[in-house]
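Colleague: sharing a model that was predicted from the sequence below.
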Amino acid sequence: MPLSARLGPVGRALSHPNYRLYVTGNMASLIGTWMQRIGIGWVAWELTGSAAWLGIVAFADLFPTVVVTAFAGVAVDRIGPMKVARVAQYLAVAQATTLALLTFTGLIDIWMLIALTAFLGSVTAFYQPARLAMIPMLVPREDLGAAIAINSINFNLARFIGPAIAGGIIAAGGAGWTFAINAMTYCWFLAALLMLKLPAHTPRENGNRPLFTEMGEGYLYAARHAGIGPLLVLVIVTSTSLRAVLELMPAYADGVFQAGAEGLGMLVAAAGAGSILSGIWLGLRGSLRGLTRISLWAVFASCLMLLGFAATEDLTIGMITMCFAGAALVANGVGMQTLMQNAVSSEMRGRVMGIYWMIFRGGPALGALAMGAASELFGLHWPLAAACILSLVAWAWSMKRLPRMGQALEA
């Protein structure tokens, strides 16, 4: 029996040459991206020695996502995801190369670093809707869930591999090499994108309408859709409440568990292990049938696990609850993305997935800002507990709509 057959839906997804080529290039690029993130943080710290400047650099990376992504979705629907993705990779190569040269020559300063970070944030804001819209072009509809699960596994693996490599490289040769290597991984991914054999994008028969008109059409389509609308409401709540805890993990590791950097690594590793196992299970499962129910119940499981995390000061219990919370959050996230990709019409895909990414990417940062401010007054336990209760209310609201959502999303 061929290996692809033994691996079930995962094997089927990887049997498609276009998707296999994409995964190979994307995995290298993700590792390079995480290496560069660590390098940027290290350079910012070396230049300023200030945690406040680290926050400003992080904001420069995030802010374009909120501002640019809605416009990017329109661009994807107008000119096609492949063209947007390739242009974005050319620009990303230029950014990483510039960053490496400025660092090697000692010309880099904090304002250059912020400007280059904001530039890449804007490029990424255009690329992500293109990436999300491109996946259904690489695999048939029945393998879409497995393909998205594989992407989740790759992301979580890169989140560990990239920083680990970056730490050794920075210690041995400086942060400039993380940027140079990242530029090479971007070139690798660009080569993979250029080799993909996909049908040309078909221009719309009725042409393009004004930019803000098309943006509004995307929001109206998503809000009025019987499945996508309620799903996006749930994404808003869970992204700003449940997923925000991952942004605050250093505070929990040191302030609650008194475990310092070692405890932080253990908590993040526990969440990552759960995420990878959940992604593997979803990939092997493959089927869309019942995925709406799984995604909603995963929100409930996430709330229970994070309530347990909020209630304990024992690191072992914290790691166990974070492992299960990581698994549940990935089951919810991969499930919701798969359902939206399945249900959205092709002419609206770029705009709707752009809205999804804007919420999914920006929500945790805004939630962490609110929960961080609340923790100054109430400690770290109660804000997380309140976020879990808010998410349970949203879960109960969505469960009342489950039959109708399932029909609209799984058809």
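Modeller: Cool, the structure landed. Numbers count the residues shown, from 1 in each chain.

Colleague: for the stretch 1-150 of the chain, which spans come out with low pLDDT?
Modeller: 1-7, 51-52, 55 (pLDDT under 70).

Colleague: could I get the full set of strands for it?
Modeller: Shown for the stretch 1-150 of the chain, no strands are assigned by DSSP state E, counting those that start in this stretch.

Colleague: I figured residue 253 hits residue 267, correct?
Modeller: Yes: using CB atoms under 8 Å, residue 253 makes contact with residue 267 at a distance of 5.6 Å. Bear in mind the C-beta positions are built from the backbone N, C-alpha and C, glycine included.

Colleague: more neighbours: these two, which one.
Modeller: Applying other CB atoms under 10 Å to residue 253 and residue 267 shows that residue 267 carries more neighbours, namely 25 against 22.

Colleague: three-state assignment of the more buried one?
Modeller: helix (DSSP: H, G, I helix; E, B strand; the rest coil).

Colleague: SS state for residue 226?
Modeller: Going by three-state DSSP: residue 226 is coil.

Colleague: report the contact partners of it.
Modeller: For residue 226, the contacting residues are 404-405, 407-408, by CB atoms under 8 Å, 6 or more residues apart in numbering.

Colleague: and the residues you listed, which two are the farthest apart?
Modeller: Farthest-apart pair in those is 405 and 407; separation 7.3 Å (CB to CB).

Colleague: which of the contacts of residue 226 count as buried?
Modeller: With burial judged by 16 or more other CB atoms under 10 Å, the buried subset of the contacts of residue 226 is 405, 408.

Colleague: in a markdown table: the contacts of residue 226, plus pLDDT, secondary structure and distance to residue 382.
Modeller: Output for these, formatted as a markdown table (pLDDT from 0 to 100; DSSP: H, G, I helix; E, B strand; the rest coil; distance: CB to CB, whole Å):
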| residue | pLDDT | secondary structure | distance to residue 382 |
| --- | --- | --- | --- |
| 404 | 93 | helix | 35 |
| 405 | 93 | helix | 32 |
| 407 | 92 | helix | 39 |
| 408 | 92 | helix | 37 |
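
Colleague: out of the contacts of residue 226, which is nearest to residue 291?
Modeller: Nearest member of the contacts of residue 226 to residue 291, counting by CB to CB, is residue 405, at 10.7 Å.

Colleague: phi and psi next, for residue 345.
Modeller: phi -70, psi 150 (degrees, to the nearest 10).

Colleague: what about it, distance to residue 401?
Modeller: 21 Å (CB to CB, to the nearest Å).

Colleague: before we move on, the earlier item: what touches both of residue 405 and residue 407?
Modeller: 226-227.
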